[in-house]
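In: sequence first, predicted model second:
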Amino acid sequence: MGIWRTLWESLMAKRWLLPVLLALGFLLSFAIPLLGLLNQYVQLILMYVGINIILASSLNLINGYMGEFSVGHAGFMAIGAYIASIFTVAVFPSGAGAWLFPIAVIAGGVGAALVGMAVAIPSFKTRGDYLAIVTLAFNMIVKSVLENIEAVGGPRGFLGMEKLTTLPWVFFWTVVSLWIIRNLVYSNFGRGVISIREDEIASDLMSVNTRQVKLVAFVTSSFFAGIAGGLFAHLLQFINPRMFDILKSTDILIMVYLGGIGSMAGSILGATIYTVLLEWLRPLGIWRMVLMPLVLVLLMIYRPRGIMGLREARWFVPARDLVAGKR
Amino acid sequence: MSLLFLAAGMTYILQQTLNALQLGSIYALIALGYTMVYGILTMINFAHGDLFMIGAFFCLVAATFLRLPFVPTLLLSMAGVAVLGVVIERLAYKPLRQAPRVSAIITALGVGIFLENFTLALSPYPQHIPTLIANTTWTVGGVSISSLQIIIITLSLALMVLLDFIVRRTMVGMAMRAISWDKTIVPLMGVPVNRIISITFALGTGLGGAAGTMYALAYPVIDPYMGILVGWKAFICAVVGGIGSIRGAMLGGFILGAVEILVVASKVLPSTYRDFVAFGLLLVLLIFRPYGILGKPRPQKV
């Protein structure tokens, strides 16, 4: 018994483990659709899980690590979805869509990031419940504006995207977003983010530039939400403003708080469990939406900080932070 | 000739003022529920909009299946929603009083989603409310006033005056205000905190139920998702007025009602921009008065 345990632990300690696993995952994401290793439905679920992971981890940066209360995340997703779709449908020459897809997605992310800058400004002065209002109003305003722009279909929605989102793309963007957010959080900048959560006035006194930190955090978070939106639009091949209203924002909030605030593994867990559970309960019909919130309420009563709480999985924490026992 | 135009303009304005008062009183009743719970528990009860919807559905049950006239329907739906509110508080919110605030908020969201989908499971199609109040319309100087509007406005104002009286002039109200001031010392002074919190929930949600009934009578087609938008709008009313302040909630409700009707009535923008302008103006207001109009800034101690 002992020898297996020692082998396992020495494997876990190897520095090449994570890159090798990621490369394997990437290859697998190509192999699965190519060789049909899993059926189409399961592949679709995997792609939704990936998109939700990006959404949950980007919101986790604001709500979990920075301790704010932003409830309008679907608004950024909407902006990314619409901009990416405009690019692939109207701007790019047809047929080049698959090659220029990353540019469209990034453009969606950049658009969402620019708007995120605008939303960050009220966050400098307001906190807590008032920021909830601001972000909620922002979500409603985005939805309302999109409903009034006839050029993108208004309330009838936007059609005509090709199914450009594939499993490798989703895997790629999920890994990129997790990597960037995780690096951000464990940097000096990230310490500033966490310090704002712990005590904003004290961190301001300790020369943390709270305005800049909040701005960069909002911009990053909205950028990735926009990316997720672009991927979502090209998976579903149809978007309309009602998909991105407060209900969608609530879904993302639940994923974040279910998994555990302030924990990357938590947002992965929360997104996966939420997506998979909703699909698994589909045979129940409408009653799954009755059962699921009950499960959520029970979970909140017995584990108020989410499944992972504030703890982090070992793989996410950089080596220099992994002093014995310290998180 | 220009006098005629002026008169026409005046009647239009009066007409829209009446509409604004009707909408505003419904928003104000719901906003009161939010603000009372926040004042006493520092918690935003996001399920409140859905309790408003349940009030409308209780009205449906009372009017359609039990065939009750208006007053018993109103009382039944208020009582029903009050009981449901207390039950929710005991089961879902009480265990989380010591937990971080965000857990309580997520729980509230979960309760709201549960209520919506439970009602949807029981009633998949939008339902129609029968007419309970003979809707006579009078025309006074070109302005058409319906009896329904008068009843909604006067009833709402009466309920608000009653609530203000309870909060300011009774022992229960004093206990409520004391708990919102300081939650730790007050139990030591012999105030039964749990009971007062339950009474607060009952009052707040009861008002929401009354708003649901009146909304159902004014716009007789109801569906389980009607509480979401109205609930969030009423929440914004409560914050704009200053969350925690009862008079603020009333003020905020009427302000939003006025802004919404104004946007549609002035015909400057198409009416689909209604929500956009309402939320935008409220955002602007919050930028200049971040604690709401009648709110007290809570100083942060370092």
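Out: On my side now, so go ahead. Predicted model only: the values in this text are computed from it and were never measured. Residues are numbered from 1 along each chain as shown, chains lettered A, B, ... in the order given.
In: tell me how far the ends of stretch B:82-96 are from each other?
Out: Stretch B:82-96 has its terminal residues 20 Å apart, counting by CA to CA, to the nearest Å.
In: okay, buried residues for that stretch please.
Out: B:Ala82, B:Leu84, B:Gly85, B:Val86, B:Ile88, B:Glu89, B:Ala92, B:Tyr93, B:Pro95, B:Leu96 (16 or more other CB atoms under 10 Å in any protein chain shown). C-betas here are computed from N, CA, C, even on glycine.
In: now, the residues you listed that are in helices?
Out: Judged by DSSP state H, the buried residues of stretch B:82-96 include B:Ala82, B:Leu84, B:Gly85, B:Val86, B:Ile88 as members of helices.
In: return the member of those residues nearest to B:Ser266.
Out: B:Gly85 (37.7 Å; CB to CB).
In: need the nearest residue in space to the closest one, chain neighbours excluded.
Out: B:Thr205 (3.0 Å; CB to CB, 6 or more residues apart in numbering or on different chains).
In: same check on B:Leu109?
Out: Nearest one to B:Leu109, counting by CB to CB, 6+ apart, is B:Phe46 at 5.0 Å.
In: so, low pLDDT: which residues of the chain?
Out: You didn't pick a chain, so chain A it is. When residues are selected by pLDDT under 70, those of chain A lie in A:127-129, A:319-327.
In: wait, chain B was what I had in mind.
Out: Within chain B, the ranges that satisfy pLDDT under 70 run B:1-2, B:5, B:7, B:298-302.
In: who in the stretch 101-250 of chain A is up against chain B?
Out: A:122, A:125-126, A:129-130, A:132-134, A:136-138, A:140-141, A:144-145, A:147-148, A:199, A:201-202, A:205, A:246-247, A:250 (CB under 8 Å from any CB of the partner chain).
In: and the buried ones among those residues, selectable in PyMOL?
Out: Entered in PyMOL, the line below selects the buried ones among those, by 16+ other CB under 10 Å:
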select buried, chain A and resi 122+126+129+130+132+133+134+136+137+138+140+141+144+145+147+246+250
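In: restricted to helices, list the residues of the stretch 101-250 of chain A next to chain B.
Out: A:122, A:129-130, A:132-134, A:136-138, A:140-141, A:144-145, A:147-148, A:201-202, A:205, A:246-247, A:250.
In: quick one, what contacts B:Leu26?
Out: Just to correct that, residue B:26 is Ile rather than Leu. B:Ile152, B:Ser156, B:Ala211, B:Met214, B:Tyr215, B:Ala218, B:Val230, B:Gly253, B:Gly257 (CB atoms under 8 Å, 6 or more residues apart in numbering or on different chains).
In: where does the closest residue to the fourth one other than its chain neighbours land in three-state SS?
Out: It stands for B:Met214. Once flanking residues are discounted, B:Met214 sits nearest to B:Ile152: 4.9 Å by CB to CB, 6+ apart. State at B:Ile152, reduced to three classes by DSSP: H, G, I helix; E, B strand; the rest coil: helix.
In: enumerate the positions of stretch A:310-317 that are buried.
Out: Buried residues in stretch A:310-317 (16+ other CB under 10 Å): A:Arg311, A:Glu312, A:Phe316, A:Val317.
In: how much space between the third one and chain B?
Out: Computed as CB to the nearest CB, to the nearest Å, the A:Phe316 to chain B distance reads 22 Å.
In: correct me, but that residue touches A:Gly262?
Out: No: taking contacts as CB atoms under 8 Å, A:Phe316 lies outside contact range of A:Gly262: 11.5 Å.
In: show me where the chain has its strands.
Out: By default, I'm working from chain A. Ranges of strands in chain A, per DSSP state E, are A:158-159, A:238-239.
In: can you look at chain B instead?
Out: B:127-128, B:137-140, B:143-146, B:221-222.
In: any idea which of those strands is most buried?
Out: The highest average neighbour count among the strands of chain B, using mean count of other CB atoms under 10 Å in any protein chain shown, belongs to strand B:221-222 at a mean of 16.
In: so what strands line up beside that strand?
Out: strand B:127-128 (antiparallel) (DSSP bridges).
In: and the partner strand, how far out from the chain's middle?
Out: 21 Å (CA atoms, centre = their mean, to the nearest Å).
In: so which bits of the stretch 1-150 of chain B are right by chain A?
Out: So the stretch 1-150 of chain B meets chain A at B:38, B:44, B:92, B:95-96, B:99-100, B:102-107, B:109-114, B:117-118, B:120-121, B:124 (CB under 8 Å from any CB).
In: give the ChimeraX command for selecting the buried subset of the residues you listed.
Out: Typed into ChimeraX, the next command selects the buried ones out of these (criterion: 16+ other CB under 10 Å):
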select /B:38,44,92,95,96,99,102,103,104,105,106,107,109,110,111,112,113,114,117,118,120
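In: filter the residues of the stretch 1-150 of chain B next to chain A down to the ones in helices?
Out: B:38, B:102-107, B:109-114, B:117-118, B:120-121.
In: wait, A:Met117 sits on A:Val216?
Out: No: with contact defined as CB under 8 Å, A:Met117 does not reach A:Val216; the gap is 9.6 Å.
In: the more surrounded of the two?
Out: A:Val216 (19 against 13; other CB atoms under 10 Å in any protein chain shown).
In: list the contacts for the more buried one?
Out: Contacts of A:Val216 (CB under 8 Å, 6+ apart): A:Phe189.
In: how far away is the closest residue to A:Gly111 other than its chain neighbours from B:Asn194?
Out: Excluding the flanking residues, the one nearest A:Gly111 by CB to CB, 6+ apart is A:Ile83, at 4.2 Å. In this view, A:Ile83 and B:Asn194 are 51 Å apart by CB to CB, to the nearest Å.
In: these two: which is more packed in?
Out: More neighbours surround A:Ile83 than the other of A:Ile83 and B:Asn194, with 24 against 13 (other CB under 10 Å).
In: residues touching the more buried one, list them.
Out: With contacts defined as CB under 8 Å, 6+ apart, A:Ile83 is in contact with A:Ala104, A:Ala107, A:Gly108, A:Gly111, A:Ala112, A:Gly226, A:Gly230.
In: will you turn the residues you listed into TSV that also has neighbour count?
Out: Shown next, in TSV, are the contacts of A:Ile83 (neighbours: other CB atoms under 10 Å in any protein chain shown):
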residue	neighbour count
A:Ala104	25
A:Ala107	20
A:Gly108	34
A:Gly111	23
A:Ala112	32
A:Gly226	33
A:Gly230	35
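In: and stretch A:25-44, end to end?
Out: End-to-end distance (CA to CA), stretch A:25-44: 16 Å.
In: next, the buried residues of it.
Out: A:Ser29, A:Ile32, A:Pro33, A:Gln43.
In: can you name the two of those residues that are farthest apart?
Out: A:Ser29 and A:Gln43 (9.5 Å).
In: what sits in contact with each of the two?
Out: A:Leu167.
In: measure the nearest residue to B:Arg247 once chain neighbours are set aside to A:Val175 for me?
Out: Computed as CB to CB, 6+ apart, the closest residue to B:Arg247 that is not its neighbour in sequence is B:Leu294, at 5.8 Å. When CB to CB is the yardstick, B:Leu294 and A:Val175 sit 50 Å from each other.
In: any idea how far chain A is from B:Leu242?
Out: You called it Leu, but residue B:242 is Gly. Distance, B:Gly242 to chain A, using CB to the nearest CB: 11 Å.
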